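predicted structure and sequence below. I'll ask about it afterward.
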Amino acid sequence: MGDLSAASRAVPRFLIRGKLSIPRARAARAALPAPRPPWTTLFAKAFAMTAQQHAPLRRVHASLPWPHLIEAPHAQGCVMVEAREGEETLLAPARLFRAHDAPLPDLAQRLAAVKSSPREASAALRWMLMAGRLPWPLRRAGYALAMGLGWPVLRLGGNYAISVLGEHGVDVMDSVSIVPVFLSFGPIAPDGGVTVHFAMDHRVLDGSDAIRAMAAMQEALEGPIADELAALDAPPPRD
């Protein structure tokens with residue numbers, strides 16, 4: 001984590017906060033029996049759907065051989081989950097590929113797999129553990145090279161990260177991260193109001209991108225994602 005903290009200082013981030021109103025999504029999720037899809041998966045899917053419509057949200061910055069942007073065909077998410085391995089507790093990155101068209105139960109299963117079997121389910125964790133055994137000058141150089149090339153960041157970390165702490169009723173405004181977008185959300189109020197925080201790489205995005213992202217995420221949560229949640233609660237069709 002120390003190496004990641006040092007690398008993150010090279011990312012010029014700006015912070016922005018907004019309020020979403022998602023009463024329909026809240027009601028549809030509350031109607032489901034436990035275990036319900038985590039709120040983290042709902043916000044991850046909403047952001048991924050938004051990124052399909054707004055290409056800048058799928059980009060990462062690279063400085064080698066000269067400064068340029070790399071655009072992915074779809075948003076690639078990363079969620080840091082607390083996992084147990086024997087008697088040890090660790091943070092493991094769960095990657096969410098193609099979250100924009102993945103069913104919510106599938107996204108929830110991906111998080112659960114990393115929580116229960118972090119080494120087997122998380123290639124990014126295996127890479128981090130392997131890199132952690134190298135001398136610190138090589139680790140720092142490796143992070144610098146990955147950020148310079150851009151594509152290793154996209155491959156191992158994705159182009160957006162999302163916090164799971166909103167599930168526990170707390171607000172997180174920023175995090176140690178080298179990906180272009182860090183997204184967090186606070187407690188979901190009874191009326192469906194929720195505060196959303198973005199920390200964004202200013203080399204890739206600006207405030208107008210964040211404003212558009214919030215508006216589109218609210219539409220996704222209140223529209224297709226609420227519809228998907230309602231369908232999960234629907235009785236099976238009769239023969």
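Done, it's in.

where does the protein dip in pLDDT?
Counting by pLDDT under 70, the chain contains low-confidence ranges at 1-2, 121, 234-239.

mind listing the strands for it?
Using DSSP state E, the strands assigned to the chain run over residues 13-21, 59-62, 68-71, 76-85, 88-97, 160-162, 181-185, 193-201.

dump those to a markdown table, plus mean neighbour count and distance to Gly207.
C-beta coordinates here come from the backbone N, C-alpha and C atoms, glycine included. Supplementary listing: those in a markdown table, determined by neighbours: other CB atoms under 10 Å; distance: least, CB to CB, whole Å:
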| stretch | mean neighbour count | distance to Gly207 |
| --- | --- | --- |
| strand 13-21 | 16 | 6 |
| strand 59-62 | 23 | 16 |
| strand 68-71 | 14 | 18 |
| strand 76-85 | 20 | 22 |
| strand 88-97 | 17 | 25 |
| strand 160-162 | 26 | 17 |
| strand 181-185 | 26 | 13 |
| strand 193-201 | 21 | 8 |
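
closest to Leu145 out of the ones you listed?
strand 59-62 (10.9 Å; CB to CB).

how distant is the closest one from the center of its chain?
Put simply, strand 59-62 sits 16 Å off its chain's centre (CA atoms, centre = their mean, to the nearest Å).

for it, name the packing helices and strands.
With contacts defined as 3 or more CB pairs under 8 Å, 6 or more residues apart in numbering; DSSP states H and E, the secondary structure elements packing on strand 59-62 are strand 68-71, helix 136-149, helix 151-156.

mind redoing it with 6 Å?
In terms of contacts (3 or more CB pairs under 6 Å, 6 or more residues apart in numbering; DSSP states H and E), strand 59-62 is packed against strand 68-71.

show me what the strand it packs on packs onto, helices and strands only.
Using 3+ CB pairs under 6 Å, 6+ apart as the contact criterion, the secondary-structure elements in contact with strand 68-71 are strand 59-62.

sheet partners, orientation included, of the strand it packs on?
With DSSP bridges as the criterion, the sheet partners recorded for strand 59-62 are strand 68-71 (antiparallel).

dump the partner strand to CSV, keeping only the CA atoms.
Below are the C-alpha coordinates for strand 68-71, written out as CSV (Å, rounded to 0.1, in the frame of the first residue of the first chain):
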residue,chain,number,x,y,z
HIS,A,68,-1.6,10.8,-24.7
LEU,A,69,-4.9,9.2,-23.7
ILE,A,70,-5.8,5.5,-24.1
GLU,A,71,-9.5,4.7,-24.6
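
and the contacts of that strand?
Strand 68-71 is touched from outside by 58-60, 62, 150, with contacts defined as CB atoms under 6 Å, 6 or more residues apart in numbering.

again, but for stretch 128-140
Asp3.

switch the cut-off to 8 Å
Surrounding stretch 128-140, the residues in contact under the criterion CB atoms under 8 Å, 6 or more residues apart in numbering are 3, 6-7, 93, 119, 142.

nearest to Pro187, of the contacts of strand 68-71?
Of all these, Pro187 sits closest to Arg58, with 28.9 Å by CB to CB.

pretty sure the closest one contacts Leu154?
No: the pair Arg58 and Leu154 does not pass the contact test of CB atoms under 8 Å, sitting 9.2 Å apart.

shared neighbours of the two, anything?
Joint contacts of Arg58 and Leu154 (CB under 8 Å, 6+ apart) are Ala72.
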